[in-house]
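K.L.:
compute the structure for the input listed below.
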Amino acid sequence: MTQLDFTQPPFDVLSNDERSSVKKHTQVIYLAQNECLADKDFIYFYVVLKGQIEQRLGDERVTTYLGNNLTEQLNSNDWFDSRRTPDLSIDPQKQLNRYQFCALEDSLLLQIDGTTIDKIAAQNHLVRQLLSDTLSERLKSLKSRRQTQHTGASSYTAQQEVQQILLQPVTDITLLPIHIVDAHSSLYQAARTMTDASLKHVLVRLPKQTEPIDKTLSDPLANQGSDRSLGMLSDHDICRAVSDQRDPATTPCLHYASFDLHTINADSEIGDALLTMTRYRIHRLPVLDSNDKVIGVLAQNDMLAYVSHHSQLISMEIEQARDMASLDKAVTLIGRYIRAQQQNGVRVGVVSRMVQQLNAQVFTKLWQLIVPKEVIENTCVIVMGSEGRGEQIMRTDQDNALIIRDGYIHPDLDKFADTFNQQLSILGYPLCDGHIMMNNPIWRQELKSFKAQISLWFKNTDPMHSVYLSSILDGEYICGDKDLLTQIRAHLQIAHQRSEPMFVRQFARVALQFGDTGQWWQKFAPLIGKPTRRDIDLKKSGLFPLVHGIRTLALEHDIFEVTSTKERLKALVAARMFNKERAETLAEALEFFMAQRLAVALSTDDKYARQVDPITLSALERDALKECLAVVKSFKNQLSHHYHLEIG
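P.N.:
From the prediction side, this is the model:
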C-alpha cells in the first residue's frame with residue numbers, strides 16, 4: 001500500500017469531500033535506516049506504511065510505531081502527529097520541547113499536511129475524538145469501536161443506549177410524589193395519607209424541638225433545613241405495628257419509621273442508584289436537590305422498568321439461595337452478566353462496582369450458610385485487594401480476613417474459616433497463593449491482636465509487611481459487626497502517625513519496582529534474529545504502579561475511609577495532591593488496563609488475565625496502550641520526585 005487506506009482509522013470516518021482534501025495534501029516519503037525527520041517535517045501527520053519509526057525524547061526511547069509488515073495483521077498501521085510536544089510530567093528535569101522520530105530500518109511513511117487534519121477535525125467530531133490530545137477522548141473512541149466490533153454496525157446505536165441509560169441522571173425516571181407526615185402523627189394518619197396518594201410509603205420528619213408539633217405537613221418545604229434527616233414509614237411497617245397489637249390511632253409514626261435513610265442526589269447517575277439499592281437491599285431512595293431538599297422518591301420497580309437491567313435479578317437469586325448448589329447458580333449468572341456488559345460496551349468501572357456488590361452478597365450468603373448467628377454478630381468479614389477496592393471483575397485469588405470481637409471465643413472458628421475459603425474456591429474464587437485468607441491465623445484474629453499486628457507491619461521489618469499492609473488498607477466490609485472494621489481503620493491512622501517518618505517513602509518504593517516501562521517499547525519491536533516474548537504484563541506495567549502509588553499517597557494524607565482507587569483520587573484532589581484533570585487521566589488509564597485485562601480473560605484461558613501481546617491489538621488499541629503506559633511512566637516519575645526516591 002503506497003496510498004492512504006480510508007478503511008482504517010482514523011480515516012474511516014471521513015466524508016467524501018474530506019477524503020478528497022486529504023488526498024490532495026498527502027505524499028509518500030522514505031526514511032533510510034537511522035534517518036530522522038528533519039526540522040521542516042515537524043508540521044505533518046504521519047502514517048507508517050512499512051518499517052519501524054522510533055520516537056525519542058533526548059537520549060531516551062519513548063515508543064515505536066509499526067507498519068503493516070510488522071503487525072502481522074492487515075489495516076493496522078500506526079500513526080503519529082509530529083507536532084505533539086512532550087508531557088513534562090514524564091520527566092520534569094528534561095526541558096526538551098520536541099520529540100525526534102527516527103527509522104529503525106528502511107521505512108515508508110505517508111506524510112499528511114497537519115493544517116488539513118486540523119481543519120477536518122474541527123468539523124468532524126469523530127476525527128477530533130480519535131486524534132485528541134486528551135486521553136479520555138481517545139479512549140471513548142476506542143470503546144465505541146469495540147462495541148461496533150462486538151455487535152455490528154446495525155446494532156451499535158441500541159447497544160450504546162444501554163451505556164447511556166446507566167449514565168443518565170436519576171431525575172430522568174419518574175419519581176414518586178412527596179408526602180411527609182410529622183414523626184408524632186399517628187399510624188392511622190400515615191395510612192390515610194398513603195391511601196389517598198396511592199402510595200406504599202410516606203416520609204417522616206422529626207420536628208424541631210423549639211417549634212410546636214404540627215401533626216401533618218403537606219408542604220415538603222415547610223421545614224427549610226436539610227431533608228437528609230427524614231425518615232420513611234412503609235405499609236410493611238404499619239403491618240408490623242398491627243402484628244405487635246399496637247393501636248394505629250394512638251401509636252406515633254416515630255416508633256416504626258426508619259431514619260438515617262440512604263439518599264441520592266438529583267444529579268447522580270442511574271447506575272449509582274442501582275448500585276446503592278443493590279448494596280443496601282433497599283427499594284426506595286429519596287432524591288435530594290443541591291440544597292438537600294427532597295424532590296421525590298425513586299422506586300426500585302420504576303427504575304428497573306426504565307433500565308431493563310438484570311443485575312437485580314442476580315441479587316435476588318443470591319438472596320434466595322438456601323444451599324451451595326443454588327449459590328453456585330447465582331455465581332454463574334454473575335459471570336454471564338460480566339460478559340454481557342462487556343459486549344454491550346458498558347464502562348468497565350460501572351461493571352466492576354456492580355460485580356463488587358454482587359460478590360459481597362455471595363460472600364455474605366455463604367458465611368450465613370456456614371456459621372451460626374452468634375458468630376456473625378461477634379465477627380466482621382472483610383475482603384481486600386482488588387475485591388476490596390471494587391476493581392475486580394473476573395474471579396481471581398481470594399483476599400479476605402475475619403476480625404473477631406475481643407474476648408469472643410467459639411471452638412469452631414478455625415473450621416468455619418477454612419470451610420468459607422474452600423467453598424469459595426469451589427464456587428470459582430481461587431485460593432490465594434500468598435495465603436491472605438481467613439483460614440490463615442494472621443488474618444483471623446481478635447481486634448486487639450489485629451491492631452498489634454498492624455502496628456508491627458508499620459515497622460516494616462519484613463518484606464511481606466508492605467504486602468500485608470497494602471491488603472488491610474484496601475479492606476472493605478462484607479458482613480457482621482461493621483464497627484470492628486471501623487476500629488481497624490482508626491488504628492491504621494494511629495499506627496501510621498506513630499511510624500517512622502521514612503515509612504511512607506519506603507512504602508512508595510514498591511510501586512517503582514514492578515513493570516519497567518522505561519524499556520516497554522521494545523515489546524513492540526522484536527530483536528532481529530532473536531525472537532523474544534512480546535507480551536506486556538498489564539498488572540505489573542500498568543495496574544500495580546497506579547494502584548499502589550495512589551494507595552501510598554492516600555496513606556500519606558490519612559485517607560482511610562475510602563478504598564477504591566477512584567475515590568482515593570477524588571480525596572487526593574480535595575487534598576490538593578492532584579488537580580482534577582490529572583486525577584481523571586490516572587483514572588482513565590486505570591480503567592483502560594482493567595478493560596484490557598477483562599478482554600484477555602474473556603478471550604483466553606489465562607485465569608490471571610495479565611499478559612497482552614501488543615502485536616495482536618489494533619492500531620487504535622496500541623495507540624491507547626502506549627498512551628496509558630506513558631501515563632504510568634509519568635506517574636512513577638511523579639512518585640519518585642515526591643518521595644525523593646531518585647536519590648536512594
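K.L.:
count the residues that sit near residue 265.
P.N.:
Neighbours of residue 265 under the rule other Cβ atoms under 10 Å: 16. The C-beta positions use only the backbone N, C-alpha and C, and glycine is treated the same way.
K.L.:
which residue, other than its chain neighbours, is closest to it?
P.N.:
Spatially, and ignoring its direct neighbours in sequence, residue 265 is nearest to residue 288 (5.7 Å; Cβ to Cβ, 6 or more residues apart in numbering).
K.L.:
tell me the contacts of that neighbour?
P.N.:
227-228, 263-266, 294-295 (Cβ atoms under 8 Å, 6 or more residues apart in numbering).
K.L.:
so of these, which ones are in strands?
P.N.:
If you go by DSSP state E, the contacts of residue 288 have 264-265, 294-295 in strands.
K.L.:
in this protein, where is pLDDT below threshold?
P.N.:
Scanning the chain for pLDDT under 70 picks out 1-3, 69-76, 87-96, 143-165, 209-225, 304-313, 344-345, 514-534, 605-609, 647-648.
K.L.:
how is it carved up into domains?
P.N.:
Domain segmentation of the chain under automatic domain parsing yields 16-133, 171-307, 311-499, 507-647.
K.L.:
just among the ones in strands among the contacts of residue 288, which is most surrounded?
P.N.:
residue 294 (23 neighbours).
K.L.:
who does it bridge with?
P.N.:
Under DSSP bridges, the beta-bridge partners of residue 294 are residue 288.
K.L.:
and it, how far from residue 300?
P.N.:
Using Cβ to Cβ, to the nearest Å, residue 294 is found at 17 Å from residue 300.
K.L.:
and if you look at residue 49?
P.N.:
In terms of Cβ to Cβ, residue 49 sits 56 Å off from residue 300.
K.L.:
cool, and residue 351?
P.N.:
Distance, residue 351 to residue 300, by Cβ to Cβ: 20 Å.
K.L.:
ok, the residue nearest to residue 598 when sequence neighbours are not counted - how many residues close by?
P.N.:
Leaving aside its sequence neighbours, residue 598 sits nearest to residue 393 (Cβ to Cβ, 6+ apart; 5.1 Å). The tally of other residues near residue 393 (other Cβ under 10 Å) stands at 25.
K.L.:
I figured residue 41 hits residue 82, correct?
P.N.:
Yes - using Cβ atoms under 8 Å, residue 41 makes contact with residue 82 at a distance of 6.6 Å.
K.L.:
and those two? Which one has more around it.
P.N.:
More crowded of residue 41 and residue 82, by other Cβ under 10 Å: residue 82, with 18 against 15.
K.L.:
leaving out the residues flanking it, which one is nearest to the more buried one?
P.N.:
Distances taken as Cβ to Cβ, 6+ apart place residue 42 nearest to residue 82, at 4.7 Å, with adjacent residues excluded.
K.L.:
what segments of the stretch 301-450 of the chain are strands?
P.N.:
Taking DSSP state E, counting those that start in this stretch as the criterion, the stretch 301-450 of the chain carries its strands at 379-383, 400-404, 444-446.
K.L.:
can you check the stretch 151-300 of the chain too?
P.N.:
Using DSSP E, counting those that start in this stretch, the strands of the stretch 151-300 of the chain run over 180-182, 201-205, 216-217, 231-234, 264-265, 284-288, 294-299.
K.L.:
list the helices and strands the first one packs on?
P.N.:
Packing partners of strand 180-182 (3 or more Cβ pairs under 8 Å, 6 or more residues apart in numbering; DSSP states H and E): helix 187-197, strand 201-205, strand 216-217.
K.L.:
and for the longest one?
P.N.:
Other helices and strands packing on strand 294-299, by 3+ Cβ pairs under 8 Å, 6+ apart, are strand 201-205, strand 284-288.
K.L.:
and the helix or strand hosting residue 584, what's buried?
P.N.:
Residue 584 is part of helix 580-603 when elements are defined by DSSP states H and E. Neighbour counts using 16 or more other Cβ atoms under 10 Å place 582-601 of helix 580-603 among the buried residues.
K.L.:
let me see the backbone angles for residue 25.
P.N.:
Main-chain torsions, residue 25, degrees, to the nearest 10: phi -120, psi 30.
K.L.:
what about it, distance to residue 48?
P.N.:
18 Å.
K.L.:
go on, residue 433?
P.N.:
Distance, residue 433 to residue 48, by Cβ to Cβ: 42 Å.
K.L.:
between the two, which is the more surrounded one?
P.N.:
residue 48 (27 against 7).
K.L.:
checking the residue lying closest to residue 455 once chain neighbours are set aside next. Helix, strand or coil?
P.N.:
Spatially, and ignoring its direct neighbours in sequence, residue 455 is nearest to residue 495 (4.8 Å; Cβ to Cβ, 6+ apart). With DSSP: H, G, I helix; E, B strand; the rest coil as the basis, residue 495 sits in helix.
K.L.:
likewise residue 563?
P.N.:
Relying on three-state DSSP, one would call residue 563 coil.
K.L.:
just to check, residue 366 is in contact with residue 330?
P.N.:
No - using Cβ under 8 Å, residue 366 is not in contact with residue 330, being 10.6 Å away.
K.L.:
re the thing from before, which one of the domains of the chain lies closest to residue 5?
P.N.:
domain 16-133 (6.5 Å; Cβ to Cβ).
K.L.:
just checking the distance from that closest one to the centre of its chain.
P.N.:
Here domain 16-133 is found 32 Å from its chain centre; the criterion is Cα atoms, centre = their mean, to the nearest Å.
K.L.:
ok, stretch 425-439 next?
P.N.:
23 Å.
K.L.:
what are the buried residues along that stretch?
P.N.:
Residues of stretch 425-439 classed as buried: 425, 427, 429, 432, 436-439 (neighbour count, 16+ other Cβ under 10 Å).
K.L.:
same question, stretch 51-64
P.N.:
Buried residues in stretch 51-64, counting neighbours by 16+ other Cβ under 10 Å, are found at 51-57, 61-64.
K.L.:
got the contact list for the most centrally placed residue in the chain?
P.N.:
What sits nearest the mean C-alpha location of the chain, by Cα atoms, centre = their mean, is residue 349, with 3.7 Å. Taking Cβ under 8 Å, 6+ apart, we find residue 349 in contact with 566, 591, 594.
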